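Asks: Give me the fold of what follows.
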Amino acid sequence: MIRLERRPTPSRVWGAASPLLAVALTMVTGGLMFAALGQDPLEALRTIFWDPVLGEFAWYFRAQLLVKAAPLILIAAGLAIGFRAGIWNIGAEGQYIVGAIAGAAAGLAVYPSESALIFPLMVVCGALGGFLWAMIPAVLKVTLGTNEILVSLMLVYVADNLLASAAVGWLRNPDAVGFPGSRNLSQWEASANPELIAGTGMHWGVVAALIAVIFAHVLMTRHLIGFHIRLAGQAPRAARFAGVAPARLVLFCLGLSGLLAGLAGLFEVTGPAGQVSIDFASGYGFTAIIVAFLGRLNPLGIVAAGLLMAVTYVGGDNAAANLGIPGAAISAFQGMLLFFLLAVDVLSNFRVRVGRGALA
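Replies: Predicted coordinates for the structure are as follows:
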């Protein structure tokens with residue numbers, strides 16, 4: 001008989017080793033998947049992981065790493081705070097989309113003004129858009145007891161329809177006859193989010209991601225709210241006796257994660273993406289869930305996990321272009337990371353016992 005036996009306390013060794021083991025299992029299983037697709041698995045893994053960091057054209061790919069990592073880190077930093085409290089915001093993708101739409105709409109409302117206040121206004125509106133979209137599942141949870149997982153996830157599909165409506169309707173560029181999408185915000189100086197240091201890929205979204213990581217680290221380690229968040233996640237009954245208000249915690253965690261997701265959307269629509277378009281939804285909100293767990297819900301670990309996931313994005317595009325690997329296979333490869341991480345995480349709380357044993 002093979003059974004799982006709960007450990008008296010979670011294993012620190014397995015807790016630290018599980019992300020590394022999950023990455024190793026992902027590479028092995030991914031290699032088998034690439035072999036089944038008729039590709040040399042070692043060549044595929046080299047193209048995805050080695051070339052963007054240390055390959056011949058790594059100087060080009062490195063700039064793309066920050067571009068891809070910034071929104072993932074920014075969103076994951078907010079999600080991790082809620083996850084630590086047992087508050088599950090699965091709809092960050094919708095908050096990311098609405099933040100982009102709200103920020104872009106604020107800027108385009110005053111086009112073609114060149115005021116220096118336009119970009120700060122767009123940043124505020126983008127953050128507010130993501131915050132308000134996250135408040136929908138938050139308010140419904142604290143007032144009606146709804147499940148924030150289902151509500152936040154369903155709102156992603158509502159946001160997708162808002163995005164399509166904006167791209168082909170009320171935000172469409174009137175000068176682009178027959179083509180959906182807004183004006184190019186990255187080419188309008190008042191709303192552009194350009195590289196701050198040429199050739200590095202660093203823009204204001206990268207700066208915001210670093211600030212968010214520092215803020216999250218200080219909040220979780222030095223502030224009373226961080227203590228309440230940790231206590232609510234680890235011992236909900238003890239949290240109630242300690243005076244933690246569950247409703248306030250739900251509003252705070254969902255609001256903060258929505259705000260950061262909205263900021264990520266705003267910085268993306270004014271920079272790398274450049275415009276509100278039908279295909280603007282890139283899946284960053286869902287991938288950030290993988291980043292949060294791969295980083296052990298720790299702000300500093302999220303930075304490393306975000307960069308690793310950015311490598312799979314950049315390397316995946318490289319593999320698709322040079323080796324012909326389908327994009328769906330790259331997405332499956334990324335999803336394996338979360339699958340194996342959750343699977344291996346079981347060993348942090350349980351021991352595997354082999355042999356005869358009494359059934360409960």
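
Asks: For residue 100, give me its contacts.
Replies: Neighbour list for residue 100: 126, 129, 262, 265-266, 268-269, 273, 276, 280 [criterion: C-beta atoms under 8 Å, 6 or more residues apart in numbering]. All C-beta atoms are positioned from the backbone trio N, CA, C, and that covers glycine.

Asks: Export these as JSON lines, with columns for pLDDT and secondary structure.
Replies: Listed next are the contacts of residue 100 as JSON lines, based on pLDDT from 0 to 100; DSSP: H, G, I helix; E, B strand; the rest coil:
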{"residue": "126", "pLDDT": "97", "secondary structure": "helix"}
{"residue": "129", "pLDDT": "97", "secondary structure": "helix"}
{"residue": "262", "pLDDT": "97", "secondary structure": "helix"}
{"residue": "265", "pLDDT": "96", "secondary structure": "helix"}
{"residue": "266", "pLDDT": "96", "secondary structure": "helix"}
{"residue": "268", "pLDDT": "95", "secondary structure": "helix"}
{"residue": "269", "pLDDT": "95", "secondary structure": "helix"}
{"residue": "273", "pLDDT": "89", "secondary structure": "coil"}
{"residue": "276", "pLDDT": "94", "secondary structure": "coil"}
{"residue": "280", "pLDDT": "92", "secondary structure": "coil"}
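
Asks: Show me which pair in those residues is furthest apart.
Replies: Greatest spatial distance in the contacts of residue 100: 129 and 273, 15.6 Å, computed using C-beta to C-beta.

Asks: Looking at the two now, which is surrounded by more residues?
Replies: The residue with more neighbours, out of residue 129 and residue 273, is residue 129; 30 against 20, by other C-beta atoms under 10 Å.

Asks: so how far is residue 275 from that one?
Replies: Distance, residue 129 to residue 275, by C-beta to C-beta, to the nearest Å: 17 Å.

Asks: Just name the shakiest helix or strand of the protein by mean pLDDT.
Replies: Sorting the helices and strands of the chain by mean pLDDT, DSSP states H and E puts helix 236-241 at the bottom, at a mean of 80.

Asks: For that one, which residues meet the burial criterion?
Replies: residue 239 (16 or more other C-beta atoms under 10 Å).

Asks: May I have that helix exported as CSV, CA atoms only?
Replies: Taking C-alpha atoms only, helix 236-241 is exported to CSV below (Å, rounded to 0.1, in the frame of the first residue of the first chain):
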residue,chain,number,x,y,z
PRO,A,236,-8.0,31.4,10.2
ARG,A,237,-9.6,30.7,13.6
ALA,A,238,-6.6,32.2,15.4
ALA,A,239,-6.9,35.3,13.1
ARG,A,240,-10.5,35.8,14.2
PHE,A,241,-9.5,35.7,17.9
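
Asks: Tell me, how many residues neighbour residue 39?
Replies: Residue 39 has 19 nearby residues by other C-beta under 10 Å.

Asks: wait, what's in contact with it?
Replies: Going by C-beta under 8 Å, 6+ apart, residue 39 touches 323, 325.

Asks: Check the gap between it and residue 298 for me.
Replies: Computed as C-beta to C-beta, the residue 39 to residue 298 distance reads 35 Å.

Asks: same check, this time on residue 249
Replies: To residue 298, residue 249 is 19 Å away according to C-beta to C-beta.

Asks: In terms of packing, which of the two has more residues around it?
Replies: Neighbours were counted for residue 249 and for residue 298 using other C-beta under 10 Å; residue 249 has more, 22 against 18.

Asks: The more buried one contacts residue 87, doesn't it?
Replies: Yes. Using C-beta atoms under 8 Å, residue 249 is in contact with residue 87, at 7.0 Å.
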